[in-house]
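1. Predicted model follows, preceded by the sequence.
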Amino acid sequence: MKNFINNISNLLATFLLCFVLSSCSSTGVQVADDSPWEPIQFENQVNALDIDFVDNKKGFLVGSNRLIMETNDGGQTWEERSLDISSEENFRLLDIDFKGEEGWLIGQPSLVMHTVDAGKNWTRLSLGNKLPGQPFLVTTVDNDKAELATTAGAIYETVNSGESWEAKVVDASGSGGVRDLRRTTNGDYVSVSSLGNFFSTLDHNSDTWVAHQRASSKRVQSIGFKPEGNLWMLSRGAEIRFNEANNDLESWTKPIIPILNGYNYLDMGWDPNGVIWAGGGNGTLIASNDGGNTWYSDPIASSLPTNYIKILFLNDVSSEQAKGFILGERGYILKWKG
């Protein structure tokens, strides 16, 4: 009788699990036969946080502990460089952006630097003591013109190479402080609140953030723009969602859970072939070439002892040749072979 009750209990538990999973879209993930990625490991083991290029060959990588590295062969090899800042100041260099030979670099705490000669010389700019939050994202808009976004959701613009900054956002409180923030080429922004309990959007014609409820009870890890402009969302529990209509930010697909290994996804990106890449903890890197219906795991990425925190695909202005990088921790990055 006891065995019979145990069997019934197990059957009910299995039925309940199947019922719960039926509300999600979960697919099996197989390991691909080969990889379009080439691993690169830096001896300093510092975390890379951003990469951008001046032209087809010359580019810069920035990261934690004042890390700045330069490449002159398209990202195949990198050499450490130094910035003219005091040795007592230990900055976390977060973001770098070029348009031609003019570029901007930001870090925390409160660092903004500007170059007009492709990174040969950098000028440090003063932000004053009234800037809400810390620098988070910088965009080179045009000659002498840039936009700076902060961890408080404030957006500032300069049109005179950083001599002065003007606030573009009247009320930054709608962002709730940010853990993730992205910008489109036309100036639209999307951000995730510091606790991951909601996300906010900012239209390029507006000066006020609009807050939106997250798609489920799971806290949001990161959010960004698909190539066609709609949003994607990564949530706790390794959930992936896509916004179904860009005019309805409350409409999301069911959660896609390609693999459950105890690690969350941290970023997504679309390569020039339309393949979706999602990276996360413990060497997790998966891809889909059918819009997210089925997924496969990358064999090289999964063999490396790192967490993948940022996925970048860059189009060089001079050659229109796409470049791709996935930034990992402990000195690892992946370079896209195409």
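-> That came in fine, so what should we check first? If you're wondering where the values come from, they're calculated on a predicted model, not measured in any experiment.
2. Give the buried residues for stretch 77-89.
-> Residues of stretch 77-89 classed as buried: 78, 83 (neighbour count, 16 or more other CB atoms under 10 Å). In this view, the C-beta of every residue, glycine as well, is placed from N, C-alpha and C.
3. With just CA atoms, put it into PDB.
-> Taking C-alpha atoms only, stretch 77-89 is exported to PDB below (Å, rounded to 0.1, in the frame of the first residue of the first chain):
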ATOM      1  CA  THR A  77      46.500  40.600 -31.300                       C
ATOM      2  CA  TRP A  78      46.300  43.200 -28.500                       C
ATOM      3  CA  GLU A  79      48.900  45.300 -26.700                       C
ATOM      4  CA  GLU A  80      48.400  47.200 -23.400                       C
ATOM      5  CA  ARG A  81      48.400  51.000 -23.400                       C
ATOM      6  CA  SER A  82      48.300  53.500 -20.600                       C
ATOM      7  CA  LEU A  83      46.200  56.600 -19.900                       C
ATOM      8  CA  ASP A  84      47.500  59.800 -18.500                       C
ATOM      9  CA  ILE A  85      45.800  59.500 -15.100                       C
ATOM     10  CA  SER A  86      47.200  59.300 -11.600                       C
ATOM     11  CA  SER A  87      48.500  55.900 -10.500                       C
ATOM     12  CA  GLU A  88      46.500  56.200  -7.300                       C
ATOM     13  CA  GLU A  89      43.300  56.300  -9.300                       C
END
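4. Any chance you could list what contacts that stretch?
-> Here stretch 77-89 makes contact (CB atoms under 8 Å, 6 or more residues apart in numbering) with 40, 42, 44, 60-61, 66-71, 91, 111, 113, 119, 122, 124.
5. Can you flag the buried ones in those?
-> Looks like those have 40, 42, 60-61, 66-71, 91, 111, 113, 119, 122 buried, using 16+ other CB under 10 Å.
6. Tell me which two of these sit farthest apart.
-> Within these, 40 and 111 form the most distant pair, 25.7 Å apart (CB to CB).
7. right, and residue 48 touches residue 67 too?
-> Yes: using CB atoms under 8 Å, residue 48 makes contact with residue 67 at a distance of 7.1 Å.
8. what's the overlap in contacts for those two?
-> residue 61.
9. Tell me who's in contact with residue 226.
-> So residue 226 contacts 232, 242-243, 270 (CB under 8 Å, 6+ apart).
10. Could I get the phi/psi values of residue 301?
-> When read as degrees, to the nearest 10, the backbone of residue 301 gives phi -60, psi -40.
11. oh, I was asking about residue 84
-> According to degrees, to the nearest 10, residue 84 has phi -80, psi 70.
12. Likewise for residue 303?
-> Phi and psi for residue 303, reported as degrees, to the nearest 10, are phi -90, psi -10.
13. count of residues packed around it?
-> The local packing of residue 303 (other CB atoms under 10 Å) involves 10 other residues.
14. Please apply the same query to residue 213.
-> By the criterion of other CB under 10 Å, residue 213 has 10 neighbours.
15. That one bridge partners, please.
-> residue 198 (DSSP bridges).
16. quick one: it from residue 233, how far?
-> Using CB to CB, to the nearest Å, residue 213 is found at 12 Å from residue 233.
17. now residue 105
-> Relative to residue 233, and taking CB to CB, residue 105 is found at 29 Å.
18. Contacts only, for residue 93.
-> 49-50, 62-64, 66-68, 105-107, 111 are the contacts of residue 93 under CB under 8 Å, 6+ apart.
19. On the three-state scheme, residue 218 is what?
-> Following DSSP: H, G, I helix; E, B strand; the rest coil, we place residue 218 in the coil state.
20. What's the local residue count around it?
-> 18.
21. partners of the residue nearest to it when sequence neighbours are not counted in the sheet?
-> In space, and not counting its chain neighbours, residue 218 is closest to residue 235: 4.0 Å by CB to CB, 6 or more residues apart in numbering. Here residue 235 sits in beta bridges with residue 220, residue 239, as judged by DSSP bridges.
22. helix, strand or coil for residue 244?
-> strand.
23. ok, so what distance separates the closest residue to it other than its chain neighbours from residue 213?
-> Counting by CB to CB, 6+ apart, residue 244 lies nearest to residue 251, which is 4.6 Å off, once chain neighbours are set aside. Counting by CB to CB, the gap from residue 251 to residue 213 is 12 Å.
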